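Peer 1: Okay, structure incoming, though there's no sequence with it:
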């Protein structure tokens, strides 16, 4: 029996400001099982990061929770006291590594002092036996492939990949069984990317984390680590499937076109197949279209797509849900 | 035999910092290569490998410390500036910061006419033809402000700007890295079309600078692999990517994520 660790029900989160209301996350349904490494992919502005922020229960300012619920280990994240969330979920079972978090290291503090700061924030008091605590941290860092000497350095002395691993190391100090990482590899070179991905796989192998939500726009990177993947478009999930199916057997018209547009290194030959871009631009989320959000750009659209947003259907030959009217006759 | 359009010989660029106790950083070291007419040459390397320095040297934004660059047989610093830029144009990484957001897009395109194309009487027609090559509709672009169109469109306007000069060589420095993958494919295809040329226009030679091996494989005939300022390997795209010689290239290709294979991770 697979255990559901994150369950998201009709989650909505809008940005409200003088610019209007941006429907960044607009009705997301998703469940993540224990042991999954789930990729969340999509173009920029499709709501990947907003979704991650909402899952943590306390999103950044301007982004407001507008409806729906997130359950982490059966505990609801909204409508509960902040302190309960902080004590029971954040730091304890869920770690979050936001986008560009390697820049959040304190530039005037050595890594060891930064860690002590983080500990004080977490525990409430200064650790009594600093050396003992730091030795434990060093042990933990060793598992991520970081030398002990890293602790005595300032952030500017470390390379981008090292900083990223330090941040991942700090986020996983309390063995959070769920880890959410947002674009961890996007500013890194391919060789460093590979090291970081190996780090994540190692963390999972030794049991420090069990479930990973991996947000990236880079599908070739997701292909290396994820076993499942969801594709987002304009604030909604359009397809949920195994990673292999997304790559080899995509169903939603958007996923199909997206896979055709990726220029990817092919180790076995020249990339002879011609790439095709997706015509048009994503809709303005301040004023999202009433029907299917991909309707204006879709090549196989139907009449009803214009007015009604499709629920998830399961295509006849497949087992994965796709939000597209093309698969309606199969039933849900 | 194809004509040699650009020749780079023993090019070195050192940056020095500090006033009294100076410190030297070697950005490009002893780079030599040639570019023939009608081909796309990719410069591939990780960050800090000197790709952009080479682009800036060719575009005369910075002076080389040593070595020479010849454009059609002439040392580039001996060619009058305007003549050089009529033939060699650049396209850069960030389309969003290349525009002045206070002016309409027309403003920047009109500056091209002010700079070098004073003789042209029918500006509108020249603009229309340049914009149509890059797949844009004149009415969608002219009269609008940069924030009103998407990043992919902005980048295409910048390519159209370069095309107004009718250049023979385009230096494209990471032109797709800030663009969504859905429009990225269109830009790559556009470069391929520009290389081929049309019935009215000659093909343009392109130096395509990228950290993305997949894009380089898709677009180019020849490729240079750079590491820490030096060119470690160069050759035909297929040969370099299928049978790499240099250990660095081998490692780079092994690390490159691909949807066609999975890494063997333990």
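Peer 2: Yes, it's here. Owing to the predicted nature of the structure, the values given are computational and were not obtained by experimental measurement. Residues are numbered from 1 along each chain as shown, chains lettered A, B, ... in the order given.
Peer 1: Checking residue B:48 next. Helix, strand or coil?
Peer 2: coil (DSSP: H, G, I helix; E, B strand; the rest coil).
Peer 1: residue contacts, it?
Peer 2: The neighbourhood of residue B:48, defined by CB atoms under 8 Å, 6 or more residues apart in numbering or on different chains, consists of residue B:228. Just so you know, the C-beta spots here come from the backbone N, C-alpha and C atoms, and that holds for glycine as well.
Peer 1: any idea how far it lies from residue A:192?
Peer 2: Distance of residue B:48 to residue A:192, computed by CB to CB, to the nearest Å: 12 Å.
Peer 1: For the stretch 1-150 of chain A, what lies in contact range of chain B?
Peer 2: Contact residues (CB under 8 Å from any CB of the partner chain) of the stretch 1-150 of chain A with chain B: A:43-44.
Peer 1: Can you list the buried residues in whatever helix or strand residue A:224 lives in?
Peer 2: For residue A:224, the enclosing helix or strand under DSSP states H and E is helix A:219-225. By neighbour count on 16 or more other CB atoms under 10 Å in any protein chain shown, the buried set for helix A:219-225 is A:219-225.
Peer 1: Would you check that residue A:154 makes contact with residue A:109?
Peer 2: Yes: contact criterion CB atoms under 8 Å: residue A:154 and residue A:109 qualify, at 7.5 Å.
Peer 1: for the chain, what spans make up the strands?
Peer 2: Using chain A. A:4-17, A:20-33, A:37-41, A:63-72, A:75-76, A:94-97, A:178-182, A:211-215, A:228-233, A:236-242 (DSSP state E).
Peer 1: think we crossed wires, I meant chain B
Peer 2: Counting by DSSP E, chain B has strands at residues B:4-17, B:23-36, B:40-45, B:66-71, B:74-75, B:88-91, B:169-173, B:205-210, B:222-227, B:230-236.
Peer 1: confidence score at residue 121?
Peer 2: Using chain A here. Reading off the confidence values, residue A:121 has pLDDT 80.
Peer 1: oops, I was thinking of chain B
Peer 2: pLDDT, residue B:121: 75.
Peer 1: where's it relative to residue B:163, distance?
Peer 2: 19 Å.
Peer 1: Tell me which of these two has more neighbours.
Peer 2: Applying other CB atoms under 10 Å in any protein chain shown to residue B:121 and residue B:163 shows that residue B:163 carries more neighbours, namely 22 against 7.
Peer 1: distance of that one from residue B:209?
Peer 2: For residue B:163, the distance to residue B:209 (CB to CB) stands at 19 Å.
Peer 1: What parts of the stretch 101-250 of chain B come near chain A?
Peer 2: Within the stretch 101-250 of chain B, the positions lying close to chain A (CB under 8 Å from any CB) are B:150, B:152-153, B:180-189, B:211-215, B:217-219, B:237-238, B:241-242.
Peer 1: residues touching residue 2, list them.
Peer 2: As the question left the chain open, I've gone with chain A. Listed by CB under 8 Å, 6+ apart, the contact set of residue A:2 reads A:33-35.
Peer 1: You answered for a different chain; I wanted chain B.
Peer 2: When contacts are counted by CB under 8 Å, 6+ apart, residue B:2 touches B:36-39.
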